[in-house]
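Trainee: The following comprises the amino acid sequence and a computationally predicted model.
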2 protein chains.
Amino acid sequence: MPRDPKSDRLRLDDAARAGWLYYVAQNTQDEIAAKMNISRQSAQRLVALAMRERLVKFRLDHPIARCMELAQAIRDRHGLSFCEVTLVDPTSDNPALGIAEVAAAEMEKYLKSEPPIVMALGTGREIRGAVDQVSRMTCPQHKIVSLVGSLAPDGSANVNDPITVIGDATGAPRHPLAVPVVATSKEERDIICAQIPIRRNIALAQSADVAFVGIGELNDAPPLLTDGFITRRELQELQAAGAAGEILGWVFDDRGRLLHGLTNDRVASVPLSPTPARPFIGVARGPNKLRAIRAALAGRWVSGLITDETTAAALTA
Amino acid sequence: MPRDPKSDRLRLDDAARAGWLYYVAQNTQDEIAAKMNISRQSAQRLVALAMRERLVKFRLDHPIARCMELAQAIRDRHGLSFCEVTLVDPTSDNPALGIAEVAAAEMEKYLKSEPPIVMALGTGREIRGAVDQVSRMTCPQHKIVSLVGSLAPDGSANVNDPITVIGDATGAPRHPLAVPVVATSKEERDIICAQIPIRRNIALAQSADVAFVGIGELNDAPPLLTDGFITRRELQELQAAGAAGEILGWVFDDRGRLLHGLTNDRVASVPLSPTPARPFIGVARGPNKLRAIRAALAGRWVSGLITDETTAAALTA
DNA sequence: TTTCATATCGAATAATTACTCAAAAGATAA
DNA sequence: TTATCTTTTGAGTAATTATTCGATATGAAA
């Protein structure tokens, strides 16, 4: 069986061809089969493969009035320079469906720039979903830098870091942050962040031309807890102190104020800047993120937002 | 029946929503019907409408080895700075299928530029097909200028000019060339081109940052003949003189040399420049254009080419 | 208001596409 | 080479999607 990469490539080429004939040229699978000299079933399988491997991309090319209005309302109300509102599939099991595509398109817009830029990325399902959707392109002139540590509490590196994925897609050099998200103590954090290479990367991230970050909630089982950076007790303390959400691990309350004296003292991520001058785009959606998004907007921690229709409606209600 | 534009817009919004749910979110039409509270048939109709109105766009996001190789071979052999080779549907009745999408994507790349640019366009089915595919976007900073007259021999203006279409899609100001493609005499051509506004537009077109042109054949029934700019007798004279193809009405032979003393003396289009410094991209495909494309490449009249697999294979054979 | 032309709708049905399963073909290792 | 495991294939069938057609609704004109 073709396990060698060459025959895999050939098969993907065929899949792309079949997918093109099906979606772009509007052939039936029977017609594709005839043109490619294969059976109808094989044509079907190739089209399905093209889909699975995302060789064909779909995009909605029509401004939907409701989404435009919601985006405008959010921009106006929260003083954002950028807001995109996408459609939503209420029953999809993919929590990033929709916003991932929009965020990827926005990333590509920056990556298409001819002069070199620095793009900074956070972590989380939304950012991961977005970078997965970024098309393969050649732009080695840019730099991709991580805003948040990629080390698990046990010291192991996360191989599925968003910047790894987008670096593979673009050929741009990556600058991961080889630190944990939250250190075990304030002192450890200070020592880690004092290291020259770390400081250099943080400085690079702070000079980034654009940043994309997730906005995390702090209710039942936030990633910070499940990833083992904070204990359940610390989570409860944060909640008692009014924690509403976090960005890059920095926890803030409903009015957007960073919580002092708790886990924030040990966060090793790039510091947030209030009312960022350069595009600093939050990507989040969903009812359980509503409070966190509201708080992030109240604190002016983001200059742009990508969310979905339902969330946007709740935000403007 | 809803003939008013408002209800049409609502319907298109619904169509976009249905198309998104179908293609992006991978719902079945039954699921869409349930989510949108309509019948399954209505859902089907909305999806079909979204297709018909091109509210959802498909694009192939996978480099096909064969196409890449052909493009590379053409670039190398003819000293082009740009060449794209697209897949082809041998039985499609749309002669621009494939190259239209690629040309539109290339146009959009330029139109996305933040600093203002000038884009020049020729005419013909291929260019028309390409501009039809350009997404709606907002870029009033650019200028769209025509490289070729938009007046029919009877003096009527062509309302379906490519620059009209692309101007509508982008909001960019248009600079049509209110002249015929071929004047009735050398003197008339000189008088027309001496007019200040015409000269200004021609100068603008010559300063364009990028140009897209069709490459026309001169065999049985070329557009120049069917549009009434030249007579059958003149066509025969051109053919006898070795005419192989034309760009913007300028006729050249197989070695790419402009034919002197015939219709070229009366062409009112923007002059061609040999080995253009800025991107000057030919868009053409098909067996009956092969000779014209070869001649255009031989004459170095274009710096880039968008064609299809079959044509590319013939060019490199 | 009535009439007419047109658009929309749902049901029925035809066409197309997706899935399942058993058989065949390739690869791998003894 | 043979045994064995895995992948691919095509037939059959189920599911989904597209089309046709008659009925109904709607706006415009009389």
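Mentor: Done, it's in. Numbering: from 1, shown residues only, chains lettered A, B, ... in the order given.
Trainee: so who does the residue nearest to A:T86 when sequence neighbours are not counted touch?
Mentor: With CB to CB, 6 or more residues apart in numbering or on different chains as the criterion, A:T86 has its nearest non-adjacent residue at 4.0 Å, and that residue is A:G98. For the C-beta atoms, the positions are set from N, CA and C on the backbone; glycine is no exception. By CB atoms under 8 Å, 6 or more residues apart in numbering or on different chains, the contact list for A:G98 reads A:T86, A:L87, A:V88, A:D89, A:R285, A:D308, B:V24, B:A25.
Trainee: ok, those residues vs B:T231, which is closest?
Mentor: Ranked by distance to B:T231 (CB to CB), the contacts of A:G98 are led by B:V24 at 53.1 Å.
Trainee: Number of residues surrounding that closest one?
Mentor: When neighbours are counted by other CB atoms under 10 Å in any protein chain shown, B:V24 registers 20.
Trainee: The one 5 residues further on too?
Mentor: B:Q29 has 20 neighbouring residues, counting by other CB under 10 Å.
Trainee: residues in contact with the residue nearest to the spatial centre of chain A?
Mentor: When chain A is reduced to its mean C-alpha position, the closest residue under CA atoms, centre = their mean turns out to be A:I127, at 1.1 Å. Shown in contact with A:I127 (CB under 8 Å, 6+ apart): A:A103, A:L121, A:P162, A:F212, A:V213, A:G214, A:V283.
Trainee: Now do the helices in the stretch 101-250 of chain A.
Mentor: Taking DSSP state H, counting those that start in this stretch to define them, one finds helices in the stretch 101-250 of chain A at A:125-133, A:162-170, A:186-194, A:196-206, A:223-226, A:232-240.
Trainee: Redo those as JSON lines? Include distance to A:R278 and mean pLDDT.
Mentor: Compiled in JSON lines, the helices of the stretch 101-250 of chain A are given as follows (distance: least, CB to CB, whole Å; pLDDT from 0 to 100):
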{"stretch": "helix A:125-133", "distance to A:R278": "17", "mean pLDDT": "92"}
{"stretch": "helix A:162-170", "distance to A:R278": "18", "mean pLDDT": "90"}
{"stretch": "helix A:186-194", "distance to A:R278": "22", "mean pLDDT": "87"}
{"stretch": "helix A:196-206", "distance to A:R278": "10", "mean pLDDT": "90"}
{"stretch": "helix A:223-226", "distance to A:R278": "26", "mean pLDDT": "86"}
{"stretch": "helix A:232-240", "distance to A:R278": "29", "mean pLDDT": "91"}
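Trainee: Of all those, which one is nearest DNA strand C?
Mentor: Minimum separation from DNA strand C across the helices of the stretch 101-250 of chain A (CB to the nearest atom of the strand) falls at helix A:125-133, 20.5 Å.
Trainee: Run the chain-centre distance for the closest one.
Mentor: Taking CA atoms, centre = their mean, to the nearest Å, one finds helix A:125-133 lying 4 Å from the centre of the chain it belongs to.
Trainee: What is the neighbour count of A:R66?
Mentor: When neighbours are defined as other CB under 10 Å, A:R66 has 16 of them.
Trainee: And A:R257, by the same measure?
Mentor: With other CB under 10 Å as criterion, A:R257 counts 13.
Trainee: What pLDDT is listed against it?
Mentor: Note on A:R257: pLDDT of 93.
Trainee: now swap in A:P5 and tell me
Mentor: So A:P5 comes in at 57 (pLDDT).
Trainee: Then A:S207?
Mentor: The model's pLDDT for A:S207 equals 93.
Trainee: Pull the contacting residues for it.
Mentor: Per CB under 8 Å, 6+ apart, neighbours of A:S207: A:V118.
Trainee: And the strands in the stretch 51-200 of chain A?
Mentor: A:56-60, A:82-86, A:118-121, A:143-146, A:174-175 (DSSP state E, counting those that start in this stretch).
Trainee: what helices or strands is the third one leaning on?
Mentor: Right, the one you point to is strand A:118-121. helix A:99-111, strand A:143-146, helix A:162-170, helix A:196-206, strand A:210-214 (3 or more CB pairs under 8 Å, 6 or more residues apart in numbering or on different chains; DSSP states H and E).
Trainee: Would you mind getting the angle between the lowest-mean-pLDDT helix or strand in chain A and strand B:56-60?
Mentor: The helix or strand with the lowest mean pLDDT-type score in chain A, counting by mean pLDDT, DSSP states H and E, is helix A:5-19 (a mean of 83). Per axes from the mean of the first three to the mean of the last three CA atoms, to 10 degrees, the angle that helix A:5-19 makes with strand B:56-60 is 150 degrees.
Trainee: The next helix or strand after helix A:5-19 and DNA strand D in contact?
Mentor: Reading on from helix A:5-19 to the C-terminus, the next helix or strand found by DSSP states H and E is helix A:29-36. No: figure legend: helix A:29-36 not in contact with DNA strand D (CB under 7 Å from any atom of the strand); closest approach 8.7 Å.
Trainee: quick one: average confidence on helix A:29-36?
Mentor: Per-residue scores along helix A:29-36 average to 91.
Trainee: Spatially nearest residue to the residue of the stretch 201-317 of chain A found nearest DNA strand C, not counting backbone neighbours?
Mentor: Nearest residue of the stretch 201-317 of chain A to DNA strand C, counting by CB to the nearest atom of the strand: A:E309, 22.0 Å away. In space, and not counting its chain neighbours, A:E309 is closest to A:V88: 4.9 Å by CB to CB, 6+ apart.
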